[in-house]
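>>> okay, here's the prediction I keep looking at, along with the sequence it came from:
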Amino acid sequence: GSRATIHAGDAYSIPAGHDAWVGNDETFVGYEVMSAAVYAKSA
């Protein structure tokens with residue numbers, strides 16, 4: 001596998017089947033945004 005370090009203000013994508021964790025005692029706040037390829041797609 002691979003690893004990446006994400007810093008405050010970075011944009012990132014964590015694909016399904018992968019995980020993430022906070023590596024220190026700082027509070028983590030994330031915003032989940034649906035992919036533009038799926039957003040507003042007609043049913």
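Now that the structure is in, tell me what you want to look at.
>>> so how far is stretch 17-33 off the chain centroid?
Taking CA atoms, centre = their mean, to the nearest Å, the mean C-alpha location of stretch 17-33 is offset from the chain mean by 7 Å.
>>> how close does Val29 get to Arg3?
Distance, Val29 to Arg3, using CB to CB, to the nearest Å: 21 Å. All C-beta spots, glycine's among them, are computed from the backbone N, C-alpha and C.
>>> kindly report the same for Ile14.
Distance, Ile14 to Arg3, using CB to CB: 12 Å.
>>> any weak-confidence spans in this protein?
Within the chain, the stretches with pLDDT under 70 are 35-37, 39-41, 43.
>>> need the contact list for Glu32.
If you count contacts by CB atoms under 8 Å, 6 or more residues apart in numbering, Glu32 has none.
>>> helix/strand/coil for the closest residue in space to Gly23 that isn't next to it in sequence?
Of all residues not flanking Gly23 in the chain, Thr5 sits nearest, at 7.8 Å (CB to CB, 6 or more residues apart in numbering). Look at Thr5: counting by DSSP: H, G, I helix; E, B strand; the rest coil, its state is coil.
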